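In: I would like the atomic coordinates for the input below:
(4 chains)
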Number of protein chains: 2
Amino acid sequence: MAYAKVEHDVVIDKLMEVFRSSGYDGASMATLAQATQLKKASLYHRFPQGKEEMAHAVLRYVATWAKSRIADVPVVSDSTPEDRLDTALKAIDELYDGGRLDCILRALSHGSAANLFQKEIGAIFETLIRSFKHLALEFGHNEQQAQQLANELMVKIQGTLIVQRSLGQPSMFKAMLAEMSAKFMKTHF
Amino acid sequence: MAYAKVEHDVVIDKLMEVFRSSGYDGASMATLAQATQLKKASLYHRFPQGKEEMAHAVLRYVATWAKSRIADVPVVSDSTPEDRLDTALKAIDELYDGGRLDCILRALSHGSAANLFQKEIGAIFETLIRSFKHLALEFGHNEQQAQQLANELMVKIQGTLIVQRSLGQPSMFKAMLAEMSAKFMKTHF
DNA sequence: GTCTATAGCTAGATAGAC
DNA sequence: GTCTATCTAGCTATAGAC
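Out: Residues are numbered from 1 along each chain as shown, chains lettered A, B, ... in the order given. All right, here's what the predicted structure looks like:
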């Protein structure tokens, strides 16, 4: 590639920001160009298929993020399960800026994008669920409990983002993460 | 009004269908006209402020629905709390067609609509939460438990709709409603 | 109240200079 | 790789006949 890799990452990050806040249909080429500080024609040079290719690139970035920040935490670390859960949930908290930001996966799941990225988005959700399920197993939960906890975490992340926004109560997200953390650590006897 | 009221309701229903599936930004006047079987100019006659006024009308309709189908259930009925909870949750299940449909409140909460309808949408969420909290109190839950259960139900409705769609597992929504129903009925001692 | 027709604009996308 | 300039299609919105 002829352009610097770091700059490409910055472009991806800016594209993600626009898709996340505006949605796929709400993100225009003009907006995306302004955010990346590139002209529209330059964006088409990097992403010949336009918006759709940009969204794919963003989702590849998110998939990489999920693997490195969530899935690979148990692998690279030799710390306790408590530490690894804390690290993973802190990454989630950071990703959504304490619940203030929309979820990019949801933003690319609706409107005219409903069927375009379904497969990639589903795979990312599955990666996240599998990762948190493994963590739950480490705490001593059985197979079914671990699966339920991981599913519940995903559901509550998505649901809390929506309800918190609509109710204007910015404390819900962090409270939910703390509550779910306690649920993971508390094995039932 | 010069047009029949029943027809107006049909128009509102079709508008809601488009906003829900396409989102606010994805819903074009052409699409809205086609869905209502009216021409664009006729839509502007009924809704002089265009899309924004249509969305407001849809949200007024949803607020009425929430009051009549959820909030007023305890009032109009002299049945048991179990029956009333069942009726309310069946209304929710019907509203989302078993989790297959997007939530209109979420569809009108993002993109360029993010700040346009926040107040109305928040009020509808509050109505729903208040209603389910009252139901929880009837089952003997204390103030704090009832509030938590009602919040959890809202969060799980929204979150399950998203996760179910992305994972392609259409059974999650009904299972979640059944699980939450059990939680409402089971008072902790 | 409904329609046809159209104005004025912005969308996504491309050509071609540098 | 980046840019200016431009195309066509679709968008919101309105004028005015019936």
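In: contacts, neighbours, all on C-alpha from now
Out: Noted.
In: lowest-scoring secondary structure element of chain A by mean pLDDT?
Out: Counting by mean pLDDT, DSSP states H and E, chain A has its least confident helix or strand at helix A:73-76, which shows a mean of 84.
In: tell me which residues in that helix are buried?
Out: Of the residues in helix A:73-76, A:73-74 count as buried by neighbour count, 16 or more other Cα atoms under 10 Å in any protein chain shown.
In: show me what that helix is packed against.
Out: helix A:81-95 (3 or more Cα pairs under 8 Å, 6 or more residues apart in numbering or on different chains; DSSP states H and E).
In: what does the helix or strand following the helix it packs on contact?
Out: Past helix A:81-95, further along toward the C-terminus, the next helix or strand under DSSP states H and E is helix A:104-107. The contact list for helix A:104-107, computed with Cα atoms under 8 Å, 6 or more residues apart in numbering or on different chains, reads A:16, A:19-24, A:59, A:121, B:162.
In: may I ask which two of those residues are separated the most?
Out: Using Cα to Cα, the pair of the contacts of helix A:104-107 lying farthest apart is A:M16 and B:I162, separated by 19.1 Å.
In: list the buried residues of stretch A:99-109.
Out: A:99-100, A:102-109.
In: and it, how far from the chain's centre?
Out: Stretch A:99-109 sits 8 Å away from the centroid of its parent chain (Cα atoms, centre = their mean, to the nearest Å).
In: repeat for stretch A:113-128
Out: So, by Cα atoms, centre = their mean, the centroid of stretch A:113-128 is 11 Å from its chain's centroid.
In: neighbour-wise, which one of the contacts of helix A:104-107 leads?
Out: When the contacts of helix A:104-107 are compared by neighbour count (other Cα atoms under 10 Å in any protein chain shown), A:G23 ends up highest, at 30 neighbours.
In: based on its surroundings, how many neighbours for A:K183?
Out: A:K183, neighbours per other Cα under 10 Å, totals 14.
In: buried residues, the longest helix anywhere in chain A. List them.
Out: Across chain A, the longest stretch assigned as helix under DSSP state H is helix A:143-167. Across helix A:143-167, burial judged by 16+ other Cα under 10 Å covers A:145-147, A:149-167.
In: and chain B, is that helix touching that?
Out: Yes - counting by Cα under 8 Å from any Cα of the partner chain, chain B has neighbours in helix A:143-167: A:154-160, A:162-163, A:166-167.
In: and stretch A:13-29, how far out from the chain's middle?
Out: Here stretch A:13-29 shows a centroid-to-chain-centroid distance of 15 Å under the convention Cα atoms, centre = their mean.
In: just the CA atoms of that stretch, as PDB, please.
Out: Once non-C-alpha atoms are left out, stretch A:13-29 reads as follows in PDB (Å, rounded to 0.1, in the frame of the first residue of the first chain):
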ATOM      1  CA  ASP A  13     -11.600   5.300  13.000                       C
ATOM      2  CA  LYS A  14     -13.200   8.400  11.700                       C
ATOM      3  CA  LEU A  15     -15.500   6.400   9.400                       C
ATOM      4  CA  MET A  16     -16.600   4.300  12.300                       C
ATOM      5  CA  GLU A  17     -17.400   7.400  14.300                       C
ATOM      6  CA  VAL A  18     -19.700   8.700  11.500                       C
ATOM      7  CA  PHE A  19     -21.400   5.400  10.900                       C
ATOM      8  CA  ARG A  20     -21.900   4.900  14.600                       C
ATOM      9  CA  SER A  21     -23.500   8.300  15.300                       C
ATOM     10  CA  SER A  22     -25.400   8.700  12.000                       C
ATOM     11  CA  GLY A  23     -26.200   5.200  11.000                       C
ATOM     12  CA  TYR A  24     -25.600   3.700   7.600                       C
ATOM     13  CA  ASP A  25     -28.300   5.600   5.800                       C
ATOM     14  CA  GLY A  26     -27.500   8.800   7.600                       C
ATOM     15  CA  ALA A  27     -23.900   8.700   6.800                       C
ATOM     16  CA  SER A  28     -23.400  10.600   3.500                       C
ATOM     17  CA  MET A  29     -20.200  10.600   1.400                       C
END
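In: wait, does the one helix or strand A:V11 maps to contact chain B?
Out: Using DSSP H and E, A:V11 maps to helix A:5-26. Yes - contact of helix A:5-26 with chain B (Cα under 8 Å from any Cα) involves A:21-23, A:25-26.
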